[in-house]
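Asker: This is a predicted model, with the sequence first.
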Amino acid sequence: MALPLLLLLLLLELGLYASCFVCGIVTAATITIVQGNFGGRCMLYGLVNYNVTAGLIGIESPSSPSLCYFVSAISVTVAVVCFSVTLYWLYTFYIDGEMRRDHMWMNMMIVVSGVFLFFLLITGCVVKIGRDSLCNSVIQKVPNITSCEEAQTRKWVSPIRGGRFYNSLYKAETAVWVNLFLWLIIGGLVIIQRRQGSGSNVIVGGPAGGLFGDAGVRAEETEPFLNQPPRPQSLTRRTMALPLLLLELGLYASSFFCGMVTAASITIVQGNFGGRCMLYGLVNYNVKAGLIGIESPSSPSLCYFVTTISVMVVVVCFPVTLYWLYTLCMCGEITRGRMRMNLMIAVSGVFLFFLLITGCVVKIGRDSLCNSVIQSVPNITSCEEAQTRKWVSPIRGGRFYIGLHDAGTAVWVNFFLWLIILLLVIVQRLEDSGSKVIRGGHRRRRGRRRLPRNAETEPFFNQPARPQ
């Protein structure tokens, strides 16, 4: 029964790889076509203007071309990997008559799935937010339209061809999200096959006990290198440690999302102000036009520092969460040594230090900007009210305070999450130190009768006793 099931899972996975290839090609092609229709300029997060006399829509300020290149590069990478894997499986199926793979291949595909899920999530957010930002600019600047689709029927300044820009960007976004969920299913399928292979030591073909159809190979010789059975531990220690590790896993996942929120919020606010960092910035007010403008922004490196620290936290939390989930699914429990706990204590201390600085920078910088807004703009008593006022074009200050508030809240939540992580690791480290001392005490005593070995006094290197 296991053989047909694994074969069906592999065939389903093959179909998913082919679908991911098509989605990657669609995303890269549509983004490139839109960029070509706008004269090679990337319009994600772009701004437009409207010539009332000629009745034409033009480009006020495009975004950096590297943004579209990033989306295309991720999509092309996914397409190349999926095409290669699909071709390999088809070749293996028609040449050998079956599809089989070892544990190392499945471990590699699990890692690839995790990496692609991470970058596809970022790509989907970039396309979604960038398209919405462009559509908001179109609706605000072009009169007598209520949706971005209506702008496709208007005339654009030559040589721009904006006839299908919204449909193309919508297709690109849909293809990215479909690609994300397909890779999520692929990761689940590979984990299921990895579990099946761990139990029988045979993936496809051959009798049980042989790796590639060799009946003379013993099961001990086919034991996977990366999935060794855990050492016996005392029931009390496992019962106490596992909930702490699961709680720590949830904290890593929460810290990942907080880092994403901080980096995205700061980047969006900086983009809305034309790439200028407004933490500790100053504004002015044009009384005649009734518009709020920028008097002096702060250094862009300040926002880059906040974004970099948040991205570093995300980059650390994502693989750690993925590793713990993989270990829990493969081994049924989570175990780690003192070296990893010491490393996590050091990482937690470093992150707490930088997150504290980042939280203070965002909090004080936001308050400084709000004080300048309240003092410069008449008839307002809070920074939220300035979001309803008009700003000098091309500034979009409609949600600047909410964005900075979300970023500051995410930083402080992230700080307290890492504080709890540090305390949990210290508790587990102390608990592990106590058990090590008890276990090692019997081996240091000399001149006494040797105690019988059990789960608590088993030596680290389980060497067989000498013949007597």
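Answerer: That came through fine.

Asker: Find the helix or strand that residue 43 is a member of.
Answerer: Per DSSP states H and E, residue 43 falls inside strand 42-51.

Asker: cool, residue 278 as well?
Answerer: Element membership for residue 278, per DSSP H and E: strand 277-286.

Asker: any idea of the mean pLDDT for that strand?
Answerer: Strand 277-286 carries an average pLDDT of 85.

Asker: buried sites along it?
Answerer: By 16 or more other Cβ atoms under 10 Å, the buried positions in strand 277-286 come out as 277-283, 285. Glycine gets a C-beta too; all of them are placed from N, C-alpha and C.

Asker: ditto for stretch 314-332
Answerer: With the criterion 16+ other Cβ under 10 Å, stretch 314-332 contains buried residues 314, 316-318, 320-327, 330.

Asker: And stretch 143-154, by the same measure?
Answerer: 145, 148, 151-152, 154.

Asker: Kindly list the longest helix within the chain.
Answerer: Assignment by DSSP state H gives helix 400-444 as the longest helix of the chain.

Asker: returning to what we had before: I'd like the next helix or strand past the strand holding residue 43.
Answerer: Per DSSP H and E, the first helix or strand lying C-terminal to strand 42-51 is strand 56-63.

Asker: what mean pLDDT would you report for that following strand?
Answerer: On average, the pLDDT along strand 56-63 is 85.

Asker: With stretch 46-53 instead?
Answerer: Rounded mean pLDDT across stretch 46-53 is 86.

Asker: Could you find the closest non-adjacent residue to the spatially most central residue of the chain?
Answerer: Centroid-nearest residue in the chain, with Cα atoms, centre = their mean: residue 118, separated by 3.7 Å. Closest residue to residue 118 apart from its sequence neighbours, by Cβ to Cβ, 6 or more residues apart in numbering: residue 318 at 5.6 Å.

Asker: show me the residues around that neighbour that make contact.
Answerer: Applying Cβ atoms under 8 Å, 6 or more residues apart in numbering to residue 318 gives the contacts 114, 118, 256.

Asker: Format these as TSV; extra columns: secondary structure.
Answerer: Listed next are those as TSV, based on DSSP: H, G, I helix; E, B strand; the rest coil:
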residue	secondary structure
114	helix
118	helix
256	helix
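
Asker: Name the helix or strand for residue 262, please.
Answerer: Using DSSP H and E, residue 262 maps to helix 235-272.

Asker: How is the protein divided into domains?
Answerer: For the chain, automatic domain parsing gives the domain ranges 1-208, 238-439.

Asker: Quick check: which helices or strands does the lowest-mean-pLDDT helix or strand in the chain pack against?
Answerer: Sorted by mean pLDDT, DSSP states H and E, the helices and strands of the chain end with helix 400-444, the least confident at a mean of 75. Applying 3 or more Cβ pairs under 8 Å, 6 or more residues apart in numbering; DSSP states H and E, one finds that helix 400-444 makes contact with helix 235-272, strand 277-286, helix 300-331, helix 338-376.

Asker: what would the ones you listed look like in TSV with distance to residue 134?
Answerer: Output for the helices and strands packed on helix 400-444, formatted as TSV (distance: least, Cβ to Cβ, whole Å):
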stretch	distance to residue 134
helix 235-272	11
strand 277-286	21
helix 300-331	22
helix 338-376	26
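
Asker: Which of those comes out lowest on mean pLDDT?
Answerer: Across those, the lowest-scoring stretch is helix 235-272, with a mean of 79.

Asker: what helices or strands is that helix leaning on?
Answerer: Using 3+ Cβ pairs under 8 Å, 6+ apart as the contact test, the elements touching helix 235-272 are helix 103-141, strand 277-286, helix 300-331, helix 400-444.

Asker: Only C-alpha atoms, please: export stretch 246-255 in CSV.
Answerer: Taking C-alpha atoms only, stretch 246-255 is exported to CSV below (Å, rounded to 0.1, in the frame of the first residue of the first chain):
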residue,chain,number,x,y,z
LEU,A,246,7.1,24.7,21.6
LEU,A,247,6.5,28.0,23.3
GLU,A,248,9.9,29.2,22.1
LEU,A,249,9.0,28.1,18.5
GLY,A,250,5.8,30.2,18.7
LEU,A,251,7.9,33.2,19.9
TYR,A,252,10.2,32.8,16.9
ALA,A,253,7.3,32.8,14.5
SER,A,254,5.8,35.9,16.2
SER,A,255,9.1,37.7,16.1
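
Asker: What lies in contact with it?
Answerer: With Cβ under 8 Å, 6+ apart as the test, stretch 246-255 has contacts from 313, 317, 320-321, 324-325, 328, 334, 413-414, 417-418, 420-421, 424-425.

Asker: let's go with 10 Å and repeat that
Answerer: 313-314, 316-325, 327-328, 334, 344, 351, 355, 410, 413-421, 424-425, 428 (Cβ atoms under 10 Å, 6 or more residues apart in numbering).

Asker: any idea how far that stretch is from the chain center?
Answerer: Offset of stretch 246-255 from its chain centre (Cα atoms, centre = their mean, to the nearest Å): 14 Å.

Asker: got the buried residues for that stretch?
Answerer: For stretch 246-255, by 16+ other Cβ under 10 Å, it's 248-249, 251-255.

Asker: which one of the residues you listed sits closest to residue 42?
Answerer: Using Cβ to Cβ, residue 255 comes nearest to residue 42 of these, at 31.4 Å.
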